[in-house]
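*Asks:* Sequence plus predicted model, see below.
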Amino acid sequence: MVRSDIIRGHLDSIILRLILEKDRYGYEISQEISNRTNNSFQIKEATLYAVFQRLEKKEVIEAYYGDVSHGGKRKYYRITSLGKAYLSELVKEWAEVKEIIDLFMEGLE
């Protein structure tokens, strides 16, 4: 399992990337993160919804209710044009951070 504190600073990027692919609802995002990481990282529900609130406040995502499914209407999230620009900045930032960390970690495996 990956320690959550290592990933915490990148949750905005991860969630925005998934929403960029298609509009998604909370549980779907949670499952997608687990699936793509072969269950090595699982996001807690409370953490996920705190990220949604933060991203909505920044106006980088917006929520809407989809059709009724097994238990009621699902709240979906979509990325805004501001969100796409923000994600682009986060990707650039990640590339810079990765480059710095790689300088110190290469050859230690």
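*Replies:* That came through, no problem.
*Asks:* Show me the contact partners of the longest helix anywhere in the chain.
*Replies:* Longest helix of the chain, by residue count under DSSP state H: helix 81-105. Identification of contacts with helix 81-105 by Cβ atoms under 8 Å, 6 or more residues apart in numbering yields 10, 12-13, 16-17, 19-20, 55, 58-61, 79. Placement of C-beta: from N, CA and C, glycine included.
*Asks:* Which ones among these map onto strands?
*Replies:* Among these, the ones falling in strands (DSSP state E) are 61, 79.
*Asks:* Got a PyMOL select line for the buried ones in the contacts of helix 81-105?
*Replies:* Here is the PyMOL command that selects the buried residues among the contacts of helix 81-105 (16 or more other Cβ atoms under 10 Å):
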select buried, resi 12+13+16+19+55+60+61+79
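*Asks:* pLDDT check: weakest of the contacts of helix 81-105?
*Replies:* Lowest pLDDT among these: residue 10, with 92.
*Asks:* Okay, and which of the contacts of helix 81-105 map to helices?
*Replies:* Those of the contacts of helix 81-105 lying in helices (DSSP H): 12, 13, 16, 17, 19, 20, 55.
*Asks:* Columns distance to residue 86 on top of those, output as a markdown table?
*Replies:* Listed next are the ones in helices among the contacts of helix 81-105 as a markdown table, based on distance: Cβ to Cβ, whole Å:
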| residue | distance to residue 86 |
| --- | --- |
| 12 | 8 |
| 13 | 9 |
| 16 | 7 |
| 17 | 11 |
| 19 | 12 |
| 20 | 11 |
| 55 | 9 |
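*Asks:* Give me the below-cutoff pLDDT ranges for the chain.
*Replies:* Applying pLDDT under 70 to the chain flags the ranges 109.
*Asks:* Burial check on residue 62, number of neighbours?
*Replies:* Using other Cβ atoms under 10 Å, residue 62 has 15 neighbouring residues.
*Asks:* how about the nearest residue to the most centrally placed residue in the chain, chain neighbours excluded?
*Replies:* In the chain, the residue lying closest to the centroid (Cα atoms, centre = their mean) is residue 15, at 1.6 Å. Nearest-residue entry for residue 15: residue 51, 5.6 Å, with adjacent residues in sequence omitted and distances by Cβ to Cβ, 6 or more residues apart in numbering.
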